[in-house]
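1. Take a look and give me a structure for this.
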Amino acid sequence: MSAVTLRGLKPTLTADAEALTKAPPAPGYFSLHAKAEWKRVMPQLIARRIITRADLAGVEAYCSAVSICRQIEEDRRAAGGVIDKTAFGIWNRAAQTARQLASEYGLTPTSRARIGSAPPEDAEADDPLAV
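-> Prediction:
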């Protein structure tokens, strides 16, 4: 008997019976960038009924990773566009983490397609990695 594997396939996201119906406030420790991302994505997650209290730590991590990318980009611009190799390495890891978490929560075009959500009218505004 052969085992069935789901390697490479992600399960379809569906509404959760314990889904939050109201967005909690952004955590107090968040930077301004992280708070802005929280306020941008939480209404989408609440509307899709896929986020529960148990998922909040993952959403916090996503918002923090996006915030790191944005802060490093601000620092780069303030330095006249100079790219610091160490900062770029941090940015790269934070961007990868943000992308992976965004996919988990239906914040990318592919993951939205899995839950049957229509793409937003302004896809650029919904891009979690637009820094």
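2. Which parts of this structure are helices?
-> 32-48, 56-78, 85-104, 109-115 (DSSP state H).
3. low-scoring stretches of this protein, by residue?
-> 1-15, 115-131 (pLDDT under 70).
4. tell me the centre residue of it?
-> residue 102 (3.3 Å; Cα atoms, centre = their mean).
5. TSV for the helices of the chain, including distance to residue 19?
-> Where you see a C-beta, it was placed from the backbone N, CA and C, and this is true even at glycine. Formatted as TSV, the helices of the chain follow (distance: least, Cβ to Cβ, whole Å):
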stretch	distance to residue 19
helix 32-48	8
helix 56-78	12
helix 85-104	15
helix 109-115	12
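6. right, and residue 27 touches residue 60 too?
-> Yes. Assessed by Cβ atoms under 8 Å, residue 27 is found in contact with residue 60 at 5.9 Å.
7. Please enumerate the shared neighbours of these two.
-> Counting by Cβ atoms under 8 Å, 6 or more residues apart in numbering, the common neighbours of residue 27 and residue 60 are residue 38.
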